[in-house]
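[1] pasting the sequence and the predicted coordinates here, then a few questions.
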Protein chains: 2
Amino acid sequence: MEERVLYDEKAINHLIANVSEDELCNLAELFKVFGDSTRIKILYDLFDGEKNVTEICEDLEMNQSAVSHQLKILRTSKLIGSRRDGKQMIYFLADDHVKTIIAMGKDHIEE
Amino acid sequence: MEERVLYDEKAINHLIANVSEDELCNLAELFKVFGDSTRIKILYDLFDGEKNVTEICEDLEMNQSAVSHQLKILRTSKLIGSRRDGKQMIYFLADDHVKTIIAMGKDHIEE
DNA sequence: TGTTCATATGAATATATTATCATATGTTCC
DNA sequence: GGAACATATGATAATATATTCATATGAACA
């Protein structure tokens, strides 16, 4: 009773055709962002919906400075977006790729 | 005329439901492996099909030791497999997740 | 068995990265 | 304007990581 992610093989192959060396380096930079437990926990935390910095700190049980530093990296990579709400900054997932990429990773690990 | 990867949202959501802290750390470890330009280039090189170490070194224009060190990390993460053929070791992609994960990354970057 | 080719590995160095601490910035409200 | 709260940021120190060099292992074959 296995659940499998379905994907369009043709679209996948089209996407990964002729990737330049530069693009591969950019890809590595992107995956590097996913490759830190604090950042992945932040992303996963935001799967619930948008949150402010204090909430994220509480969820992760980490200090505010460490979280803010990582939020900046996530923002720079456009994996999350932010908006101000009074004194607070609200963070949210930028798009569905984040979920998909993490799901693919989980799928790989589960084997 | 945009080409989009299709994926099954329900399957994705099922996969990412209730991921434990430990599993998130394992995911970070996995993505860390993708997060290095040498390793990503090796993986992409293997999209062509299986290759021996010397071929990979030539393709990447990198010295053998550096490549072997990274091959070991890729092997340990089960992203590639290997078999011996006489004096040579042949490396190949372990499964389709690698292509899918890289395609998702590319899809994200392209926006 | 000794030589050559192919690959792996250990140690060392150089570089990158993360968390922490201290402090700065920005917002609200009195 | 000043205090209090929320967040960001710079510098530092500790740790992790990648490449290189030297060398070891392993297979083939004379």
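    Now that the structure is in, tell me what you want to look at.
[2] what does chain A put close to DNA strand D?
    Contact residues, chain A versus DNA strand D (C-beta under 7 Å from any atom of the strand): A:52-54, A:64-65, A:68-69, A:71-72, A:82, A:87-89. C-beta here means a position set from N, CA and C on the backbone, and glycine is covered the same way.
[3] which among those count as buried?
    Buried residues within those, counting neighbours by 16 or more other C-beta atoms under 10 Å in any protein chain shown: A:Asn52, A:Val53, A:Leu71, A:Ser82, A:Met89.
[4] if we take the residues you listed, which one ends up nearest to DNA strand C?
    Checking those against DNA strand C with C-beta to the nearest atom of the strand, the nearest one is A:Met89 at 9.2 Å.
[5] what mean pLDDT does the helix or strand hosting that closest one have?
    If you go by DSSP states H and E, A:Met89 is part of strand A:88-93. Averaged across strand A:88-93, the pLDDT comes to 98.
[6] just checking, next helix/strand downstream of that strand?
    helix A:97-110.
[7] from DNA strand C, how far off is the spatially most central residue of chain A?
    In chain A, the centroid-proximal residue (C-alpha atoms, centre = their mean) is A:Val98; its distance is 4.4 Å. Distance, A:Val98 to DNA strand C, by C-beta to the nearest atom of the strand, to the nearest Å: 16 Å.
[8] now do the same contact list for that residue.
    Each residue near A:Val98 by C-beta atoms under 8 Å, 6 or more residues apart in numbering or on different chains is listed here: A:Leu43, A:Leu79.
[9] again, but for the one 5 residues further on
    If you count contacts by C-beta under 8 Å, 6+ apart, A:Ala103 has them with A:Val5, B:Ala11, B:Ile12, B:Leu15, B:Ile16.
[10] adding secondary structure and distance to DNA strand C, write the buried ones among the residues of chain A next to DNA strand D out as a markdown table.
    As requested, these are exported to a markdown table (DSSP: H, G, I helix; E, B strand; the rest coil; distance: C-beta to the nearest atom of the strand, whole Å):
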| residue | secondary structure | distance to DNA strand C |
| --- | --- | --- |
| A:Asn52 | strand | 12 |
| A:Val53 | helix | 11 |
| A:Leu71 | helix | 10 |
| A:Ser82 | strand | 12 |
| A:Met89 | strand | 9 |
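[11] need the max-distance pair from the residues you listed.
    A:Asn52 and A:Leu71 (10.6 Å; C-beta to C-beta).
[12] near the closest residue to A:Arg83 other than its chain neighbours, how many other residues are there?
    Leaving aside its chain neighbours, A:Arg83 sits nearest to A:Ile90 (5.4 Å; criterion: C-beta to C-beta, 6 or more residues apart in numbering or on different chains). Under the neighbour criterion other C-beta atoms under 10 Å in any protein chain shown, A:Ile90 is assigned a count of 16.
[13] quick one on the thing from earlier: now do the shared contacts for A:Asn52 and A:Leu71.
    Common neighbours of A:Asn52 and A:Leu71 are listed as A:Tyr91 (criterion: C-beta under 8 Å, 6+ apart).
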